[in-house]
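Chemist: Only the shape, not the letters, is given here:
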């Protein structure tokens, strides 16, 4: 998959609101290769044992050869834009991800009284992932005593054969702007085992108890392409027990009340824990990782009532609550010059997220044998969030919208193997970055 982009921006920049023009061009190539093997085995004379397994190997590559960025500011008082030489950059990025995932699950149906159905499940998951990310950035330095007027909004108005002398004291010189933190290597290993007990009594009350143990190790090393500077290492090494309980009450044939509680974790990924800078194409900003990020722990509670008109039509209402320790947020870095317009990831102290969720689906069948159908599906979430940070006022969680609305219109024609779907999504206001 390739993506080519040219972007032109005109506006006022910085606290002084200086008229500015920015030009960005880039070309991104992506490739993903995956191979998966799966198996399902039913064992025993009474077929009480069911074994499922999956082995997946994948490789993802991303190459951005020659991202170019240029900036002009109207700050000389003469009505002519000036080339901001420190912002003239050409960047080359290459990233390779390898992933190996082995999962196995065993279900055993216990011999219990006829009024009780009990299934014991256990299994494991083993994941190894490694990444090699390289980046190089080049530009120019010098030219302090040269005219930087660019009447044509072109780099060649300022930097050309006459002004490139190779000596910063007399003109412009080529500069390697690659930082020690622009490239990194990372590895992750997750070893997990779990067990669960699923009990259904009198086809009315279902209880699912689960416990998962995870041993997680992640190492991110940032190093210098230009010299032998010491590596900056981020290490995450933890072993956790994650319990869960779910209770379902099948009140009638078409009504269900569900309750769930669980403990989960949210771990920062490679780019969030490396010092490398990457570009966010949606907001067109520089984002830097943080080697000191901590894992977020969350306690989750939810309750839901669901009503079924038939096998496919239903509506439900639910409430949820999350108590999060050390939530990860993206914050604004106080900086200027070439380091301006930058963000990084940091842990807040804690956060609460709670809200209501409404969901429904309705389908209308028609045609010969009801082979054709039209359906409408909707999901609405109303969400409140509060972040507590020492020395700061309470605010909403970064990236958490006030509401989320999803609306789906669909048409299915089974006989002619046709399907048409229209999806609509609307999110409420959210904090893009903290700061």
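Modeler: Great, that's in hand. Everything numeric in this text was worked out from a predicted model, so none of it was measured.
Chemist: Next secondary structure element downstream of the strand or helix carrying residue 320?
Modeler: Assigned by DSSP states H and E, residue 320 falls within strand 314-325. Moving toward the C-terminus from strand 314-325, the next helix or strand (DSSP H and E) is strand 328-332.
Chemist: can you give me the strands for the stretch 1-150 of the chain?
Modeler: Remark: strands of the stretch 1-150 of the chain, listed N- to C-terminal, are 2-13, 18-43, 49-73, 82-83, 89-109, 116-142; assignment by DSSP state E, counting those that start in this stretch.
Chemist: From these, pick the one with the highest average neighbour count.
Modeler: Among these, ranked by average contacts under mean count of other Cβ atoms under 10 Å, first place goes to strand 82-83 (a mean of 21). To be clear about C-beta, it is placed using only N, CA and C from the backbone, and glycine gets the same treatment.
Chemist: Show residues contacting that one.
Modeler: Contacts of strand 82-83 with the rest of the structure, by Cβ atoms under 8 Å, 6 or more residues apart in numbering, involve 70-76, 148-150, 155, 157-159.
Chemist: Out of these, which comes closest to residue 344?
Modeler: Of all those, residue 344 sits closest to residue 71, with 21.8 Å by Cβ to Cβ.
Chemist: So what sits opposite the closest one in the bridge?
Modeler: Residue 71 forms beta bridges with residue 22, as assigned by DSSP bridges.
Chemist: Now for it: which residues touch it?
Modeler: The contact partners of residue 71, taken as Cβ under 8 Å, 6+ apart, are 20-23, 83-84, 87-88.
Chemist: Please name whichever of the contacts of strand 82-83 scores lowest on pLDDT.
Modeler: Lowest in pLDDT among these is residue 76, which has 75.
Chemist: Any regions of the protein where pLDDT drops low?
Modeler: 15, 223-230, 335-340, 369 (pLDDT under 70).
Chemist: Could you list the paired strands of the helix or strand residue 212 falls within along with their orientation?
Modeler: Element membership of residue 212 [criterion: DSSP H and E] is strand 205-223. Strand pairing for strand 205-223, using DSSP bridges, gives strand 183-201 (antiparallel), strand 232-252 (antiparallel).
Chemist: quick revisit: among the strands of the stretch 1-150 of the chain, which comes closest to residue 206?
Modeler: Checked against Cβ to Cβ, the stretch from these lying closest is strand 116-142, at 8.9 Å.
Chemist: How about residues contacting stretch 329-349?
Modeler: The set of residues that contact stretch 329-349 without belonging to it, under Cβ under 8 Å, 6+ apart, is 14, 86-87, 268, 272, 277, 280, 285-290, 293-294, 296, 325-328, 387-390, 397-399, 433-435.
Chemist: An error on my part: the question was meant for stretch 427-435.
Modeler: Contacts of stretch 427-435 with the rest of the structure, by Cβ under 8 Å, 6+ apart, involve 283, 329-334, 343, 346, 383, 395-405.
Chemist: In ChimeraX, select just the buried ones from those.
Modeler: The following ChimeraX selection, which keeps only the buried ones among the contacts of stretch 427-435, applies the criterion 16 or more other Cβ atoms under 10 Å:
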select :329,330,333,343,346,383,396,397,398,400,401,403,404,405
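Chemist: In helices only, show me the contacts of stretch 427-435.
Modeler: In helices, defined here by DSSP state H, there are no members of these.
Chemist: From the contacts of stretch 427-435, which land in strands?
Modeler: For the contacts of stretch 427-435, the ones inside strands are 329-332, 343, 346, 383, 403-405, with DSSP state E as the criterion.
Chemist: Out of the residues you listed, which comes closest to residue 373?
Modeler: Distances from residue 373 to those, taken as Cβ to Cβ, are shortest for residue 405 (23.3 Å).
Chemist: In contact with that closest one, which residues?
Modeler: Under the criterion of Cβ under 8 Å, 6+ apart, the neighbours of residue 405 are 378-381, 424-427.
Chemist: Recalculate using a threshold of 6 Å.
Modeler: Applying Cβ atoms under 6 Å, 6 or more residues apart in numbering, we find residue 405 in contact with 380, 426.
Chemist: With residue 280 instead?
Modeler: Taking Cβ under 6 Å, 6+ apart as the criterion, residue 280 is in contact with residue 287.
Chemist: again, but for the one 10 residues further on
Modeler: Taking Cβ under 6 Å, 6+ apart as the definition of contact, the neighbours of residue 290 are 344-345.
Chemist: which SSE is it in?
Modeler: Residue 290 belongs to no helix or strand when assigned by DSSP H and E.
Chemist: Geometric centre of this structure: which residue is closest?
Modeler: Most central residue of the chain, judged by C-alpha distance to the mean C-alpha position with Cα atoms, centre = their mean, is residue 269 at 8.8 Å.
Chemist: Among the ones in strands among the contacts of stretch 427-435, list the two that are farthest apart in space.
Modeler: Spanning the widest gap among these are 346 and 405, at 30.0 Å by Cβ to Cβ.
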